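# what's the 3D shape of this:
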Amino acid sequence: MAEAQLVGSKRLFLGTALAAVGLVATAGAAWAPHVPQLEVTPNRMRPGDQVVVAGTRGFGFTNPVEVRFNSPDGPVLGTFQPDKQAYAAWGPGPITIPADTQPGTYTLYATQRLADLESHIRGVPARMTIEVIGPGGPPVVGRQLLQPGEEGSAELLKEEGPSLGALLLVGLGVAGVGIFLAAMAVVAGNRRRGVEMERAS
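The predicted structure is shown next:
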């Protein structure tokens with residue numbers, strides 16, 4: 001009988017642990033499409049080069065996305081309409097780096113005006129760092145990103161608090177740990193009872 005109780009406890013422990021892991025993974029997968037992601041290929045180029053940009057998911061469905069150069073208010077290099085059937089992905093499509101760009105490190109921004117029903121989206125504008133290199137030479141260190149006085153820098157330099165998705169995942173992680181510890185306590189209690197029953201018999 002003690003052995004049967006031990007087997008049952010192990011099954012309960014494994015089932016509880018798997019359920020907790022599945023809950024956290026499901027929550028993460030559900031939140032992931034709401035985090036905009038910008039891809040740039042390649043991310044090292046020369047002035048005047050054409051590169052390919054794409055938003056893999058997470059943007060709003062309603063309004064177009066504008067890819068801007070080195071500032072959320074910078075020159076628009078391309079405009080793309082999100083796909084309503086693929087997690088609001090858009091592209092891939094070409095943009096051209098301005099021909100007068102000096103070698104250095106810059107940022108591309110994917111900006112979008114979100115509709116009222118899209119307020120749950122976090123991370124707009126999405127951004128990606130690129131390197132512009134000189135003719136025939138390796139990349140050189142350019143001006144710092146978001147220098148004082150650069151358009152749009154004040155908003156980006158504001159410290160943002162944790163998003164709702166991050167808090168949700170932290171809460172689920174804590175809950176999973178609690179379930180795990182409770183299952184361990186059940187297993188330990190059943191083992192003690194099994195040993196006491198064996199001694200009594």
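
# when you work out contacts or count neighbours from here on, use the C-alpha atoms and nothing else.
Fine.

# report the helix or strand with the lowest average pLDDT across the protein.
One helix or strand of the chain scores below all others by mean pLDDT, DSSP states H and E: helix 153-157, with a mean of 42.

# and stretch 180-198, what's its mean pLDDT?
Across stretch 180-198, the average pLDDT comes to 67.

# sorry, slip of the keys, the one I care about is stretch 128-141.
Per-residue scores along stretch 128-141 average to 76.

# quickly find the element holding residue 131.
strand 126-132 (DSSP states H and E).

# could you name the helices and strands sitting against that strand?
The contact analysis (3 or more CA pairs under 8 Å, 6 or more residues apart in numbering; DSSP states H and E) places strand 126-132 against strand 37-41, strand 44-45, strand 104-112.

# partners of the last one in the sheet?
On the basis of DSSP bridges, the sheet neighbours of strand 104-112 come out as strand 65-69 (antiparallel), strand 126-132 (antiparallel).

# need the winner for burial among those.
Counting by mean count of other CA atoms under 10 Å, strand 65-69 has the highest mean neighbour count of the strands paired with strand 104-112, with a mean of 23.

# what's the angle between it and strand 37-41?
Per axes from the mean of the first three to the mean of the last three CA atoms, to 10 degrees, the angle that strand 65-69 makes with strand 37-41 is 60 degrees.

# could you identify the helix or strand that succeeds strand 65-69?
Moving toward the C-terminus from strand 65-69, the next element (DSSP H and E) is strand 76-80.

# then that following strand to PDB, C-alphas only?
Extracted in PDB, the C-alpha atoms of strand 76-80 (Å, rounded to 0.1, in the frame of the first residue of the first chain):
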ATOM      1  CA  VAL A  76      10.700  58.300 -43.800                       C
ATOM      2  CA  LEU A  77      12.500  55.600 -45.800                       C
ATOM      3  CA  GLY A  78       9.500  53.400 -46.500                       C
ATOM      4  CA  THR A  79       5.800  52.800 -45.700                       C
ATOM      5  CA  PHE A  80       4.300  49.300 -45.200                       C
END
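
# go ahead and name everything in contact with that strand.
64-69, 90-91, 93-97 (CA atoms under 8 Å, 6 or more residues apart in numbering).

# quick one: mean pLDDT for that strand?
Mean predicted confidence for strand 76-80 is 97.

# quick revisit: any chance of the helices and strands packed on strand 126-132 in a markdown table, with distance to residue 135 and mean pLDDT too?
Below are these laid out as a markdown table (distance: least, CA to CA, whole Å; pLDDT from 0 to 100):
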| stretch | distance to residue 135 | mean pLDDT |
| --- | --- | --- |
| strand 37-41 | 19 | 94 |
| strand 44-45 | 10 | 94 |
| strand 104-112 | 12 | 95 |
